[in-house]
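Student: generate coordinates for the sequence data below:
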Amino acid sequence: MKTCAIVGINWGDEGKGRMVDLIAKDYDVVVRYQGGSNAGHTVINEYGKFALNLIPSGIFRPKVINILGNGTVIDLEHLSMETEKLRKAGVQITSDNLKISDRAMIVLPYHKVLDELAGRAIFAAQLLAGEMPAEIEDVFTAAGVSLFPDRLTDLRTDCTCPDYANPCKHVAAVHYILGDRFDEDPFLILRLRGRTQDLILSGLRARRGVDAPVDRGTIIDIGDNVPTLEEELPTFWEMDRDLHGFSVHVSPPIIPLPLLKRLGEPEVRAPITLQGQLEEVYEAVSQAALSLAYGDFGAPPTNGTEE
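Tutor: All right, here's what the predicted structure looks like:
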């Protein structure tokens, strides 16, 4: 069996891809044994001019089997784009002439995000401390990965209600609730992308060489001297300390009646609207709640102005 190895020893740009394309017709198998999509093998033939980053140059020979071997680092998104470009040019690519080793390293979008995060010390420190950086979307953008759906087809919603609009008011309400959950737990959006907080943190530690667990605060051992509920009942509802000086600021929402507007009007034909009927009720309930909350200090005006 005839074997030929083409190795570049001049830091790239030696014409390895063109050489493989030239002699591939005399071989049954062409194997790329290492490297990733950062490589660029320029090939010019009857199909056109191509800069192959992952796929071996033998792909242009119909009877040649091309293999991405154990040492290759495969970016699946890049491989998909490269394959599509070749197919549009008339190059046949099937599972018979392009094969991937089960020991090849696969690069997924979250790997790119972790690499970008590891290179930003402040962001990495915040995440390792259990905090979500406010500018996390900038990291995804720099990594070429979208944090949120950027196309209509990326987010599919459906509802059994008779509304023809999509999203309907029920789906919109779910989106609002999901947005509130993101505020409560920012790591939820990463879990929806298939990455738990622990996986993200372990990946960051591996990239930054941080083996020690993150200090999340001091744990105080209170021992066995914990009173039972029965012992605490006489003073359970009493304040433990004086709240003098504790201030509460209550302000109206930016959009009036947000909950009613999120839910929308019911599917009932009527000369009056539910929002119109409940608007005065909401105003009265809000005033009563403010008066109760502020007690003798007086409730502030609901229009947000000072008096």
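Student: neighbouring contacts of stretch 105-124?
Tutor: 36-37, 72-77, 127, 133, 135-136, 139-140, 142-145, 193-195, 200, 203-204, 207-208 (C-beta atoms under 8 Å, 6 or more residues apart in numbering). All C-beta spots, glycine's among them, are computed from the backbone N, C-alpha and C.
Student: gap between the two ends of it?
Tutor: 24 Å (C-alpha to C-alpha, to the nearest Å).
Student: report the central residue of the chain.
Tutor: Ranked by distance to the mean C-alpha position of the chain (C-alpha atoms, centre = their mean), the top residue is residue 147 at 4.1 Å.
Student: quick one on the thing from earlier: buried among the contacts of stretch 105-124? Make that a ChimeraX selection.
Tutor: A single ChimeraX command is used to select the members of the contacts of stretch 105-124 judged buried by 16 or more other C-beta atoms under 10 Å:
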select :37,72,73,74,75,127,133,136,139,140,143,145,195,200,203,204,208
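Student: which ones among the contacts of stretch 105-124 lie within helices?
Tutor: Within those, residues falling in helices by DSSP state H are 76, 77, 127, 136, 139, 140, 142, 200, 203, 204, 207, 208.
Student: with distance to residue 253 and pLDDT added, can I get those in JSON lines?
Tutor: JSON lines is the format used below for the ones in helices among the contacts of stretch 105-124 (distance: C-beta to C-beta, whole Å; pLDDT from 0 to 100):
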{"residue": "76", "distance to residue 253": "44", "pLDDT": "88"}
{"residue": "77", "distance to residue 253": "41", "pLDDT": "85"}
{"residue": "127", "distance to residue 253": "31", "pLDDT": "78"}
{"residue": "136", "distance to residue 253": "26", "pLDDT": "83"}
{"residue": "139", "distance to residue 253": "31", "pLDDT": "86"}
{"residue": "140", "distance to residue 253": "30", "pLDDT": "85"}
{"residue": "142", "distance to residue 253": "35", "pLDDT": "86"}
{"residue": "200", "distance to residue 253": "33", "pLDDT": "81"}
{"residue": "203", "distance to residue 253": "39", "pLDDT": "82"}
{"residue": "204", "distance to residue 253": "37", "pLDDT": "80"}
{"residue": "207", "distance to residue 253": "42", "pLDDT": "80"}
{"residue": "208", "distance to residue 253": "42", "pLDDT": "71"}
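Student: out of those, who's nearest residue 232?
Tutor: The shortest approach to residue 232 among these belongs to residue 127, at 38.9 Å (C-beta to C-beta).
Student: show me the shaky parts of the stretch 51-200 of the chain.
Tutor: Applying pLDDT under 70 to the stretch 51-200 of the chain picks out no residues at all.
Student: all helices for it, in order.
Tutor: 76-88, 109-118, 121-128, 136-142, 169-184, 188-192, 197-208 (DSSP state H, counting those that start in this stretch).
Student: kindly compare burial across the ones you listed and name the winner.
Tutor: helix 109-118 (a mean of 20; mean count of other C-beta atoms under 10 Å).
Student: check the offset of that one from the chain's centre.
Tutor: 11 Å (C-alpha atoms, centre = their mean, to the nearest Å).
Student: and if you look at stretch 135-155?
Tutor: 7 Å.
Student: what's the end-to-end length of that stretch?
Tutor: 23 Å.
Student: again, but for stretch 142-160
Tutor: End-to-end distance (C-alpha to C-alpha), stretch 142-160: 39 Å.
Student: which positions within it qualify as buried?
Tutor: Buried residues in stretch 142-160 (16+ other C-beta under 10 Å): 143, 145, 147.
Student: may I have the residues that are in contact with the first one?
Tutor: The reference is to residue 143. Taking C-beta under 8 Å, 6+ apart, one finds 109, 112, 113, 115, 116 in contact with residue 143.
Student: ok, the fourth one to residue 39 distance?
Tutor: Computed with C-beta to C-beta, to the nearest Å, the distance linking residue 115 and residue 39 is 18 Å.
Student: same question for the second one.
Tutor: Look at residue 112 and residue 39: by C-beta to C-beta, they are 17 Å apart.
Student: so which of the helices of the stretch 51-200 of the chain gets nearest residue 95?
Tutor: helix 76-88 (11.5 Å).
Student: helices and strands around that closest one, which ones?
Tutor: Counting contacts by 3 or more C-beta pairs under 8 Å, 6 or more residues apart in numbering; DSSP states H and E, helix 76-88 is packed against strand 48-52.
Student: the strand it packs on: partners in the sheet, and parallel or antiparallel?
Tutor: According to DSSP bridges, strand 48-52 forms sheet pairs with strand 41-45 (antiparallel).
Student: residues of the strand it pairs with that come out buried?
Tutor: Applying 16+ other C-beta under 10 Å to strand 41-45 flags 41, 43 as buried.
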